[in-house]
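[1] Next input, structure requested:
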Amino acid sequence: MMIEKYYKLSLISFIAYVNALVIHNGLLEKVPHEIFTHTIVSEQSAKTISYIAGEKEKDTKKRLDCERKLGILQKALVALENFRNND
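    Predicted structure coming up:
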């Protein structure tokens, strides 16, 4: 029973490794040279490039909110450190 589980796990791992090799060797190597070339990018409009690579409005709002909260927490940390050091 234990040996069957071992071979089942080995088979799953083997399949995952083969998938990774296919993706790496078959697809990712072509990306810089055949799919994503300077010519293709330079032919796109700024709007298209922004749509593909730019920050989405929802993400911008979330980032700004997180930055605001981080600023509040940093100020609180400084205040607490000052309070602790004054004791």
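[2] Mind checking what helix or strand follows the helix or strand of the chain with the lowest mean pLDDT in sequence?
    Every helix and strand in the chain was compared by mean pLDDT, DSSP states H and E; the lowest is helix 38-42, with a mean of 84. Counting by DSSP states H and E, the next helix or strand C-terminal to helix 38-42 is helix 46-53.
[3] Any chance you could list what contacts that following helix?
    If you take C-beta atoms under 8 Å, 6 or more residues apart in numbering as the criterion, helix 46-53 is touched by 41, 44. In this view, the C-beta of every residue, glycine as well, is placed from N, C-alpha and C.
[4] follow-up on the earlier one: chain center to the least confident helix or strand of the chain, what's the gap?
    Going by C-alpha atoms, centre = their mean, to the nearest Å, the spacing between the C-alpha centre of helix 38-42 and its chain's C-alpha centre is 23 Å.
[5] now swap in stretch 74-87 and tell me
    If you compare the mean C-alpha spot of stretch 74-87 with that of the full chain, they lie 35 Å apart, counting by C-alpha atoms, centre = their mean.
[6] ditto for stretch 17-35
    18 Å.
[7] What average pLDDT does it get?
    Mean pLDDT, stretch 17-35: 80.
[8] so how far is the first residue of it from its last?
    When the termini of stretch 17-35 are compared using C-alpha to C-alpha, to the nearest Å, they are 24 Å apart.
[9] So which bits of it are buried?
    Within stretch 17-35, no residue qualifies as buried by neighbour count (16 or more other C-beta atoms under 10 Å).
[10] And for stretch 50-63?
    Buried residues in stretch 50-63, defined by neighbour count with 16+ other C-beta under 10 Å: none.
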